[in-house]
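S.K.: give me coordinates for this.
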Amino acid sequence: MAPAGQCARRSWWEWKGLVMYRVGRLVGGLLAAALGAGFLPAIAACGGATTARGPVPVIVDTDMSSDDIMALAYLLKQPGISVRAVTVEGTGVAHGLAGARNVLRLIGALGIHRTIPVGYGPPEPLAGFRSFPSGWRATADGMYGLGLPAWTGRQPARSAVRLLTGTINNTAQPVTVITLGPFTNLALAMQADPAIARRIGMVYSMAGALRVEGNEPSHHRAEWNLYIDAAAAGRVLRSGAPMTFVPLDASDNVPITSFFRDAVAARPQTPALRLVAALLVGPYYTRGPAYFWDPLAAVAATGHRVVRLHAGRLRIGTRPGPDLGVTRIGPAGAPVRVALSADAAAFQRQFLATLNDGQPVPVPAVPASRRMAVTFDGSTYRYHGPRAAAPGRFEVRLADRSPAPFDGFALVVGKLAAGRSLADVRAVIRSGTVTSVPAWFTVTASLPASPATQPAWGLSLGPGRYALVCVRARDGALYAPAEVTIR
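M.R.: Below you'll find the predicted structure:
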């Protein structure tokens with residue numbers, strides 16, 4: 001725990017530039033009041049609906065980022081649904097035409113022989129000129145170097161709006177729409193034919209951030225999919241179509257770990273698993289913390305109990321300024337369901353089994369003697385785990401139980417030089433403002449935990465002495481709760 005005077009206040013990105021977790025700021029009590037007033041009662045622990053009339057008809061609207069590829073592979077392999085069309089966002093990570101070609105390449109690589117219509121949408125958002133970074137877009141256009149055969153058939157057309165309206169209107173039962181990128185295509189479809197909102201069974205969307213920081217760097221509380229075209233998201237939200245949001249609050253519980261990566265690499269038995277294994281060894285997933293954003297939304301949308309849903313009224317900031325793309329719960333919002341937590345183990349089981357043609361892919365459990373845990377209640381940190389252990393891999397679970405929104409923390413693991421100890425780290429912290437990392441403290445890992453989440457990360461440690469340093473998001477305060485010796 002953190003006694004008085006133990007914390008030094010600083011910006012934690014000063015620790016050798018480890019900007020792996022965007023620190024937050026308290027911005028008022030609106031959300032806390034809404035949560036406390038019961039605007040988000042729990043209503044279910046599951047995702048999509050099932051039907052006695054056969055597989056649920058689904059349209060996937062995607063921007064073909066790397067996690068979209070994983071999510072779309074899952075959806076195309078999921079026997080409980082029938083993907084009737086795939087529309088690609090022109091405002092998304094991949095450019096529209098390139099992304100649509102990549103969808104067709106993926107369908108071919110998975111050995112799917114039935115015809116699935118694919119189209120893409122316009123490149124401009126409904127309002128503004130926001131876009132994803134050009135480097136991201138170029139990499140997505142190239143399909144992350146997966147090396148799949150080029151698409152040589154008929155070129156996809158800018159037909160996303162027609163595909164959405166036509167598929168929804170011409171399907172006998174209500175259609176589930178799963179959005180994995182911005183909302184531009186669906187908003188334009190609803191503008192062209194407002195009546196389709198009544199024919200949609202549910203819109204499942206990976207979008208938003210409520211109690212946690214967003215991931216768009218210039219608007220810290222905005223999530224990328226909403227920030228890019230907030231006007232489109234607002235239009236869909238107000239359409240009257242039933243909506244379920246799977247925001248960062250849920251996906252921050254489902255990190256991509258070395259344990260998961262190794263389990264997939266050890267069993268490349270299907271084309272889908274081989275694709276996911278190839279993506280997960282890329283630099284984006286190995287150099288810093290990452291999560292199963294779109295795959296979690298996809299699994300939740302197919303009726304599997306991987307998220308905890310709550311009823312609430314949601315609004316999205318659509319005007320230029322600091323609230324652009326920001327999601328809030330309050331009485332003036334539209335009624336929705338929101339996933340605020342997720343079961344990482346249940347997600348892994350369902351996701352991997354589907355990719356493996358129904359056969360389970362076990363992710364090895366870590367013995368209790370190699371499990372570390374740090375809990376945070378808003379003011380105090382506690383460490384639970386070994387003080388000494390043999391070299392190898394560890395599970396590190398971070399439980400943020402702070403009652404305040406945007407009150408996350410990060411755990412920095414640092415190897416100590418010979419002759420140094422936890423007492424030296426605490427002395428540096430007590431000395432006041434920390435402006436640089438001591439030469440005798442080598443950062444090994446930086447692991448984030450958002451408010452009300454419990455992510456379990458993987459960590460490999462070689463011989464040596466390691467200090468654990470917690471960094472509080474709201475003010476950069478530091479506390480060093482423990483030292484672990486690996487020998």
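S.K.: can you get me the start-to-end distance on stretch 417-435?
M.R.: End-to-end distance of stretch 417-435 (C-alpha to C-alpha, to the nearest Å): 19 Å.
S.K.: stretch 205-215 too?
M.R.: 16 Å.
S.K.: go on, stretch 398-409?
M.R.: Termini of stretch 398-409 sit 9 Å apart (C-alpha to C-alpha).
S.K.: centre of the chain to that stretch, how far?
M.R.: 17 Å (C-alpha atoms, centre = their mean, to the nearest Å).
S.K.: how about the helices in the stretch 201-350 of the chain?
M.R.: Ranges of helices within the stretch 201-350 of the chain are 224-228, 230-237, 248-251, 258-266, 271-280, 283-286, 293-301, 344-355, based on DSSP state H, counting those that start in this stretch.
S.K.: what's the second one in contact with?
M.R.: Translated: helix 230-237. 125-128, 182-184, 186-188, 190-191, 203, 207, 222, 225-226, 243, 314-318, 324-325, 333-334, 336 (C-beta atoms under 8 Å, 6 or more residues apart in numbering). C-beta coordinates here come from the backbone N, C-alpha and C atoms, glycine included.
S.K.: picking that back up, got JSON lines for the helices of the stretch 201-350 of the chain, with mean neighbour count and distance to Ser421 too?
M.R.: Shown next, in JSON lines, are the helices of the stretch 201-350 of the chain (neighbours: other C-beta atoms under 10 Å; distance: least, C-beta to C-beta, whole Å):
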{"stretch": "helix 224-228", "mean neighbour count": "28", "distance to Ser421": "42"}
{"stretch": "helix 230-237", "mean neighbour count": "25", "distance to Ser421": "50"}
{"stretch": "helix 248-251", "mean neighbour count": "28", "distance to Ser421": "37"}
{"stretch": "helix 258-266", "mean neighbour count": "18", "distance to Ser421": "28"}
{"stretch": "helix 271-280", "mean neighbour count": "21", "distance to Ser421": "36"}
{"stretch": "helix 283-286", "mean neighbour count": "13", "distance to Ser421": "31"}
{"stretch": "helix 293-301", "mean neighbour count": "30", "distance to Ser421": "39"}
{"stretch": "helix 344-355", "mean neighbour count": "21", "distance to Ser421": "34"}
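S.K.: looking at those, spot the one closest to Thr433.
M.R.: Closest to Thr433 of the helices of the stretch 201-350 of the chain is helix 248-251 (C-beta to C-beta; 30.4 Å).
S.K.: CA atoms only for the closest one - export them in CSV, please.
M.R.: Extracted as CSV, the C-alpha positions of helix 248-251 are listed here (Å, rounded to 0.1, in the frame of the first residue of the first chain):
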residue,chain,number,x,y,z
LEU,A,248,-13.1,-0.3,-24.9
ASP,A,249,-14.4,-0.9,-21.3
ALA,A,250,-15.1,-4.5,-22.4
SER,A,251,-12.1,-5.1,-24.7
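S.K.: for this protein, what helix or strand is lowest in average pLDDT?
M.R.: helix 30-36 (a mean of 34; mean pLDDT, DSSP states H and E).
S.K.: among the contacts of helix 230-237, the buried ones, what's the PyMOL command?
M.R.: Filtering the contacts of helix 230-237 down to the buried ones (16 or more other C-beta atoms under 10 Å) takes a single PyMOL command:
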select buried, resi 125+126+127+182+183+184+186+187+188+190+203+207+222+225+226+243+314+315+316+317+318+324+325+333+334+336
